[in-house]
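S.K.: Task: produce atomic coordinates for the following.
(one chain, ligands or ions: 1)
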Amino acid sequence: MSSAQKFKTLRGFRDFPPEDLALRSHLFERWRETARRYGFQEYDGPPLEGLELYTEKSGDEIVGQLYAFRDKGDRDVALRPEMTPSLARILADRSRALPKPIRWFSVPQLFRYERQQRGRLREHYQWNVDLVGEDSVDADAEVLAVALDSLRSLGLGADQVRARVSDRRLLAALLRSAGVADDRLVTAYTIIDKVEREPRERVAARLVEEAGVTPEVADRIVGIFDATGLDAVRESFGDDPEVAEALDRVRDFLGVMDDLGFGGFVEFDLAIVRGLAYYTGIVFEIFDRVGEFRAICGGGRYDRLLELVGGDPLPAVGFGMGDVVLSELLKDRGLAPTFSREVDWYVGAVTPAERPLARQLAGALRASGDSVVTPLRDQSVRRQLKSAASEGARRVMLVGPDEVARGIVQVRDMADGSETEVEIRSLLGDRAPGDAPGVVAAAGGSPA
Ligand code: HAM
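M.R.: Presented below is the predicted three-dimensional model:
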């Protein structure tokens, strides 16, 4: 068995050779650029945290997927499965000193021991965007606009993706009016979160078993999800003042999304609950319109988390957008960038005698900011031209004895095959050919 066969990546983990890293970098660039356009600043935290940060704050689903172990100092620790508890912990210490609202984003690598399935791995990168210290509908809408704007900048418009939005306050009001006790609401949420993936009878049975409601109440709850659209919910349940208030808030939110230019992306959908325990208000998930892929993004309002980790009680709203589903979707839709090797220059020598000068020229070009590849041993001209092509060099300079005698080099433009003569002195700046190695003055830019 070769060592390549013996040592494989762990199941659910990925290597990123350059052609795969190119797509990941493309996402990161769009994410960072979009966050910047909305005034968000980047932060990070450690990949390893104390276990109790998650056991107490994230909810059973994530806790069941933790990469957790006891370290050499006998502390229970876990690789971060999500960023939100770390954010809450970081802000618990410093939010008081920060101007509000706080607009922060991060691109952490996260770890969850998930069952192997399409779109879910055991590590992923997740763009987190969170707005802390503002509880208005505008804050909710702004955060979802950031998510949708990034997708639009990646080429995914309203014809390709949609955000499904609901509100836990609305769901809580509906569940309460159906007869669910307050202390069973969170359990009911996690059951209802599966309403699209499990048969209705199974959801109803679990509501009876786990949320402690009667079979009649369970049927009534499952029936709520037949009412699609805000108007239908208002018609069926709008007499309850708590439901009516929550419906007004969702309506206002949809209005602000429209103002921001993202109305076409957004749909109210009561079936969106979210698996995490800490959400308290608006909740949303973004999907491809065809419905082929799992959620690209999920988020919502969590007004109590900061207080729960010992900070000031600050309202917060945010989302996480993973790289796995998004990469699959972009590839499927032909929107992934094509990977190409590219450098500005290939600088070689016709005979070994010109190699010192070629090295100096390469150094001067690099000092001016250009990317340069050189042969790292004596090679024939033919071989060097071949390498220049495979490196994707835009220009090639092979320093030859005749040209050096005239104080020039020939620069070949690989795009059109044209050749230009350039003075060696103009490339080297103050450093004359043959000078001892040392600091090379910047060449003052490269010839066109
Ligand atoms: P989440 O819904 O667990 O939310 O994850 C957000 C997104 O991360 C998902 O929609 C999906 O794209 C991606 N994702 C999650 N797990 C995996 C996985 N195992 N493999 C690949 N991709 C995955 C949260 O984590 C919240 N903390 C987000 C948040 C931030 N809420 C407020 N602020």
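S.K.: Next one: the residue in the stretch 101-250 of the chain that the ligand sits nearest to relative to Q65, how far apart?
M.R.: Residue nearest to the ligand within the stretch 101-250 of the chain (Cβ to the nearest ligand atom): H124, separated by 3.7 Å. (C-beta placed from N, C-alpha, C; glycine too.) In this structure, H124 and Q65 are separated by 12 Å, where distance is defined by Cβ to Cβ, to the nearest Å.
S.K.: residues shared between the contacts of those two?
M.R.: R112 (Cβ atoms under 8 Å, 6 or more residues apart in numbering).
S.K.: So what pairs up with the residue nearest to M83 when sequence neighbours are not counted in the strands?
M.R.: Counting by Cβ to Cβ, 6 or more residues apart in numbering, the nearest residue to M83 once its immediate chain neighbours are dropped is N128, at 4.3 Å. Counting by DSSP bridges, N128 forms beta bridges with S106, G320.
S.K.: Kindly indicate whether G310 is helix, strand or coil.
M.R.: For G310, the reduced secondary structure class is coil; criterion used: DSSP: H, G, I helix; E, B strand; the rest coil.
S.K.: Not counting its neighbours along the chain, what's nearest it?
M.R.: For G310, the closest residue by Cβ to Cβ, 6+ apart turns out to be A92, at 5.0 Å.
S.K.: That neighbour reaches L306, doesn't it?
M.R.: Yes. With contact taken as Cβ atoms under 8 Å, A92 and L306 are classed as touching, separated by 6.1 Å.
S.K.: okay, those two: which has more neighbours?
M.R.: For A92 versus L306, neighbours defined as other Cβ atoms under 10 Å are more numerous around L306 (23 against 18).
S.K.: The more buried one sits in which helix or strand?
M.R.: helix 305-308 (DSSP states H and E).
S.K.: do V317 as well
M.R.: For V317, the enclosing helix or strand under DSSP H and E is strand 316-322.
S.K.: Can you show me the helices along the stretch 201-350 of the chain?
M.R.: Along the stretch 201-350 of the chain, the segments classed as helices by DSSP state H, counting those that start in this stretch run 215-224, 230-237, 241-259, 305-308, 323-332.
S.K.: contacting residues for the closest residue to the ligand within the stretch 201-350 of the chain?
M.R.: Nearest to the ligand in the stretch 201-350 of the chain, going by Cβ to the nearest ligand atom, is G322, at a distance of 2.6 Å. With contacts taken as Cβ under 8 Å, 6+ apart, G322 has the following neighbours: H124, Y125, Q126, W127, I296, C297.
S.K.: E285 is in contact with the last one, correct?
M.R.: Right, C297. Yes. In terms of Cβ under 8 Å, C297 counts as a neighbour of E285; the distance is 6.7 Å.
S.K.: In three-state terms, label A172 for me.
M.R.: On the three-state scheme (three-state DSSP), A172 is labelled helix.
S.K.: residues of the strand or helix carrying T420 that come out buried?
M.R.: In this assignment (DSSP H and E), T420 forms part of strand 419-423. Neighbour counts using 16 or more other Cβ atoms under 10 Å place V422 of strand 419-423 among the buried residues.
S.K.: for that strand, packing partners?
M.R.: Contacting strand 419-423 under the criterion 3 or more Cβ pairs under 8 Å, 6 or more residues apart in numbering; DSSP states H and E are the following elements: strand 408-413.
S.K.: ok, S387 touching T374?
M.R.: No. Checked against Cβ under 8 Å, the pair S387 and T374 is beyond contact range at 9.5 Å.
S.K.: May I have the residues that are in contact with R412?
M.R.: R395, V396, M397, S418, E419.
S.K.: any idea which of these has the most stuff around it?
M.R.: M397 (26 neighbours).
S.K.: related to what we said a few turns ago, list the residues that contact both of C297 and E285?
M.R.: What both C297 and E285 touch, as defined by Cβ under 8 Å, 6+ apart, is the set A163.
S.K.: Take stretch 109-129, keep the C-alpha atoms, and write them as CSV.
M.R.: Only the C-alpha atoms of stretch 109-129 are listed here, as CSV (Å, rounded to 0.1, in the frame of the first residue of the first chain):
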residue,chain,number,x,y,z
GLN,A,109,-13.7,27.3,9.7
LEU,A,110,-16.3,25.3,11.7
PHE,A,111,-16.4,21.6,12.7
ARG,A,112,-19.5,19.4,13.1
TYR,A,113,-19.6,15.7,13.3
GLU,A,114,-22.5,15.4,10.8
ARG,A,115,-24.0,12.4,9.1
GLN,A,116,-22.5,12.2,5.6
GLN,A,117,-24.9,13.7,3.1
ARG,A,118,-24.9,16.0,0.1
GLY,A,119,-24.0,19.6,1.0
ARG,A,120,-23.0,18.7,4.6
LEU,A,121,-19.4,18.0,5.6
ARG,A,122,-17.6,17.8,8.9
GLU,A,123,-15.7,21.0,8.3
HIS,A,124,-16.9,24.1,6.4
TYR,A,125,-16.1,27.7,6.2
GLN,A,126,-19.0,30.0,7.2
TRP,A,127,-19.3,33.7,6.6
ASN,A,128,-20.9,35.1,9.7
VAL,A,129,-22.4,38.6,9.6
